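Enquirer: Mind looking at a prediction? Sequence and model below.
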Amino acid sequence: MTEPTPLHLGKPVAPAEPAADGLMTAPAGVFDATAAAGLELKARSQWSYARKRFLRHRLAMLGLVLLIVVFGAGIFANYIAPYSFSEIDLNNILSPPTTVGQHYFGTDEIGRDYYSRVIYGIRTSEEVGLFVAFVSSIVGLCVGAIAGYYGGWLDNLLMRLTDLVLTLPALAILLTAAALLGQGSQWRVSVILTLFFWTGIARVVRGIFLSLREKEYVEAAKAAGAGDARIMFRHILPNTLGPIIVNGTLAVATAILTEAALSFLGFGITPPTPSLGNLVQGGQTNPQQWWLTIFPGLTIVLIVLCVNFVGDGLRDALDPTQRRVRA
Amino acid sequence: MLTYIIRRLLYSIPVMIVSTFLSFTFVSLAGDPVAKLRGNPRLPASTIHNIILQNHLNRSIPVRYWFWVKDVITHKLGNSLETFQPIWPDITRTIGHTAQVIIIAELLALVLGVAVGIFSAIRQYSAFDYFFTSLSFLGFAMPTFWLALLLQILFVDIYLKWNVRIFYTSGLNSPHQGTWSLDRLQHIALPVMTLTIISFALYSRYMRASMLDVINTDYVRTARAKGLSEWHVVMRHVFRNALIPIVTIAALNFGGLLGGAIVTETVFSLDGMGYYFIQKLQAVDLYAVMGWLVVTSLTIIVFNLIADVLYGYLDPRIRYD
């Protein structure tokens, strides 16, 4: 496929200020001219440019493929895992990794198959990661949009709240919250994490809304008689989606890491339910059985690495003005 | 500058009041602090009742909060609800242990991270750069507790296999050994290693980015055009300016870690602030947890301020007023 040069733009990649609805359509004159010259020119939206950039990002694609495999294994755990996560086999206690009986990751001190437990653990972790990222993005988006657009008491409250969170170590707050709200199921842990994750996204969205509400196209929309809701969601929102998607993606990784740390310390998801964090903790009690620590931990590293790659790829694709250092 | 510092400190007072009140409410609701005593059959009900009265546990939370604030100011954080011993000596002891580990680990990480960051930036996209970039990506993706556990397992297995004691894998020191004995260093080596690796990933990455930012500026081109040697350009013109953000990040990181590297200390059962916090939280020891929170948030506030002041000092373009 030959790539038609976008005639209407000096630089093909100009994401800073696309047209109000987020789509970049070529002016009508361009079509006429190219049609007259016998060339066909397809209108390209910002999204198709972004998709192209993303598909070309090798690390991100690798991360995405691996992530689909790993998360797919979690979703279809019932079909893939050779055993159930709680099945006890007293004849095979602390067996090292072997293909005999499909104990690829070995077994623990009461003979449960670790390969199956890790796969079910992936399911738990991915539920937590996706839930936390999705819900805190939505909440953070709404609060951040209103705080940034209107300012006022909500803005003040949001800023003071984040100040408050910044004076304490995040893990200590989460541990205290887990002690209060109880631990156990993955949904409880997800809710606790969400309570603290949305503020970060809200701050990002607030910042963008704060700067975009002064733009000329917002003024133009106002002059044309658009209401606040229309300006916020139709005109400003599409321009904030890039950073929100990137932040939301990276939040999946942070949530999975935090959940694992909480579960490891005994304040998160508690056993019978396997999560990658409490599986690693199971390894601590048997230091000579290295496989009990290595495999669940490697799975966490793999997931987080892939999510970070995808997040970086999305950042480069959606928001090329912002090339950042990973922190 | 002085007015700025005073204003910042004054502003942190209401923040402290709100955050301590919220956490006081949280921890109070988290469980019954005398549940353990109630379970003890040898304690008569009247004793427990007296303990409740003495600690005002029958009053409402705002009232208890008020009594607690008085205790913090007049009795150095008050007494533990679990052991009825004063909290202050515990905090000073554990923060000393944490500080020893943190100072060694952060210094190591800073020196290594800055050095690697400089070379990665000068030789961008070289094999050296790619190697350390991948390493730091791995460092970001690795859960701290897993890294700590891997080191622990490795040295436990070495000991069990060959009976060689290189590093101890838990605890602070053997009996009758001092703060700077070889025995202590053998004990804290693994926690130090864990924290160094994690912080190194951060510092080397930041240093590289910061170097690259500076290396492309006009005044660096001017310095080269003047005919200065590359070494002189890098060390005098680039390095010194690239160091500014790192100093800030290091100060912030240090303040955060003084509250205890909760996960690392727990894995190695190291008698530091983080391990103290976890134990007290598990015991629902309200006043000990609150004492820890006060000390930790104060150190974070102070180090945030130090970071800002340092930044203003190192970069004269920044003015506080």
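Expert: On my side now, so go ahead.
Enquirer: Around residue 264, how many other residues sit close by?
Expert: Using chain A here. Residues within reach of A:Phe264, counting by other C-beta atoms under 10 Å in any protein chain shown, total 27. (Glycine included, C-beta is placed from N, CA and C.)
Enquirer: wait, I meant chain B there
Expert: B:Thr264: 28 surrounding residues under other C-beta under 10 Å.
Enquirer: What's the separation between it and chain A?
Expert: To chain A, B:Thr264 is 11 Å away according to C-beta to the nearest C-beta, to the nearest Å.
Enquirer: these two touch, right, that residue and B:Leu195?
Expert: Yes - using C-beta atoms under 8 Å, B:Thr264 makes contact with B:Leu195 at a distance of 5.9 Å.
Enquirer: all helices for the chain, in order.
Expert: Picked chain A for this. For chain A, applying DSSP state H gives helices covering A:28-36, A:46-56, A:58-75, A:77-80, A:114-150, A:152-166, A:170-181, A:186-212, A:216-223, A:228-230, A:237-264, A:276-284, A:291-318.
Enquirer: not what I meant, chain B
Expert: Counting by DSSP H, one finds helices in chain B at the ranges B:2-30, B:35-38, B:45-54, B:61-74, B:88-122, B:127-141, B:144-162, B:182-215, B:218-225, B:230-232, B:240-258, B:262-267, B:273-282, B:286-314.
Enquirer: a markdown table for those, including mean pLDDT?
Expert: Output for the helices of chain B, formatted as a markdown table (pLDDT from 0 to 100):
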| stretch | mean pLDDT |
| --- | --- |
| helix B:2-30 | 84 |
| helix B:35-38 | 72 |
| helix B:45-54 | 78 |
| helix B:61-74 | 85 |
| helix B:88-122 | 91 |
| helix B:127-141 | 89 |
| helix B:144-162 | 88 |
| helix B:182-215 | 89 |
| helix B:218-225 | 91 |
| helix B:230-232 | 88 |
| helix B:240-258 | 86 |
| helix B:262-267 | 90 |
| helix B:273-282 | 89 |
| helix B:286-314 | 86 |
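Enquirer: Could you look over those and pick the most buried one?
Expert: helix B:262-267 (a mean of 26; mean count of other C-beta atoms under 10 Å in any protein chain shown).
Enquirer: what does that helix contact?
Expert: Around helix B:262-267, the neighbours that count as contacts under C-beta atoms under 8 Å, 6 or more residues apart in numbering or on different chains are A:169, A:171-172, A:175, A:261, A:264-265, A:284, B:98, B:144-145, B:148-149, B:152, B:191, B:194-195, B:270, B:272-275, B:277-278.
Enquirer: list the contacts for the nearest residue to B:Tyr311 once chain neighbours are set aside?
Expert: Distances taken as C-beta to C-beta, 6 or more residues apart in numbering or on different chains put B:Thr248 closest to B:Tyr311, at 5.0 Å, once the chain neighbours are dropped. Shown in contact with B:Thr248 (C-beta under 8 Å, 6+ apart): B:Ala307, B:Asp308, B:Leu310, B:Tyr311.
Enquirer: shouldn't B:Pro256 be in contact with A:Pro169?
Expert: Careful, residue B:256 is Gly; it's not Pro. Yes - contact between B:Gly256 and A:Pro169 holds when scored by C-beta under 8 Å: they sit 5.8 Å apart.
Enquirer: Common neighbours of these two, please.
Expert: Joint contacts of B:Gly256 and A:Pro169 (C-beta under 8 Å, 6+ apart) are B:Ile300.
Enquirer: and stretch A:152-171, how far out from the chain's middle?
Expert: In terms of C-alpha atoms, centre = their mean, to the nearest Å, the gap separating the centre of stretch A:152-171 from the centre of its chain is 22 Å.
Enquirer: so does that stretch get close to chain B?
Expert: Yes - using C-beta under 8 Å from any C-beta of the partner chain, we find that stretch A:152-171 touches chain B at A:Arg160, A:Asp163, A:Leu164, A:Leu166, A:Thr167, A:Leu168, A:Pro169, A:Leu171.
Enquirer: Got a ChimeraX select line for the buried ones in the residues you listed?
Expert: Applied in ChimeraX, the following selects the buried portion of the residues of stretch A:152-171 next to chain B according to 16 or more other C-beta atoms under 10 Å in any protein chain shown:
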select /A:164,166,167,168,169,171
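Enquirer: Pick the one among the residues of stretch A:152-171 next to chain B closest to B:Phe131.
Expert: A:Leu171 (30.4 Å; C-beta to C-beta).
Enquirer: quick one: the closest one and A:Ala261 touch, right?
Expert: Yes - contact criterion C-beta under 8 Å: A:Leu171 and A:Ala261 qualify, at 6.6 Å.
Enquirer: And the residue nearest the centre of the chain?
Expert: The chain I'm using is chain A. Central residue of chain A (C-alpha atoms, centre = their mean): A:Thr249, 2.1 Å from the mean position.
Enquirer: The intended chain is chain B.
Expert: B:Leu257 (0.6 Å).
Enquirer: can you pull the pLDDT of whatever residue of the stretch 1-150 of chain A ends up closest to chain B?
Expert: With C-beta to the nearest C-beta, the shortest gap between the stretch 1-150 of chain A and chain B falls at A:Leu59, namely 9.4 Å. You'll see A:Leu59 listed with a pLDDT of 85.
Enquirer: go on, A:Leu276?
Expert: pLDDT at A:Leu276 comes out at 89.
Enquirer: What sits closest to it if chain neighbours are left out?
Expert: Using C-beta to C-beta, 6+ apart and skipping the chain neighbours, the partner closest in space to A:Leu276 is A:Gly121 (4.4 Å).
Enquirer: quick one: that neighbour and A:Pro296 touch, right?
Expert: Yes - look at A:Gly121 against A:Pro296 with C-beta under 8 Å: they come within range, at 6.1 Å.
Enquirer: Touching both of those two, which residues are there?
Expert: Common neighbours of A:Gly121 and A:Pro296 (criterion: C-beta under 8 Å, 6+ apart): A:Leu276, A:Leu279.
Enquirer: returning to that earlier point: mind putting the residues of stretch A:152-171 next to chain B into a markdown table with pLDDT?
Expert: A markdown table is the format used below for the residues of stretch A:152-171 next to chain B (pLDDT from 0 to 100):
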| residue | pLDDT |
| --- | --- |
| A:Arg160 | 81 |
| A:Asp163 | 75 |
| A:Leu164 | 78 |
| A:Leu166 | 72 |
| A:Thr167 | 75 |
| A:Leu168 | 77 |
| A:Pro169 | 79 |
| A:Leu171 | 84 |
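Enquirer: follow-up on the earlier one: show me the contacts for the residue nearest to the residue of the stretch 1-150 of chain A closest to chain B when sequence neighbours are not counted.
Expert: Closest residue in space to A:Leu59, ignoring its immediate chain neighbours: A:Phe309 at 4.7 Å, by C-beta to C-beta, 6+ apart. Each residue near A:Phe309 by C-beta under 8 Å, 6+ apart is listed here: A:Leu59, A:Ala60, A:Leu62, A:Gly63, A:Leu64.
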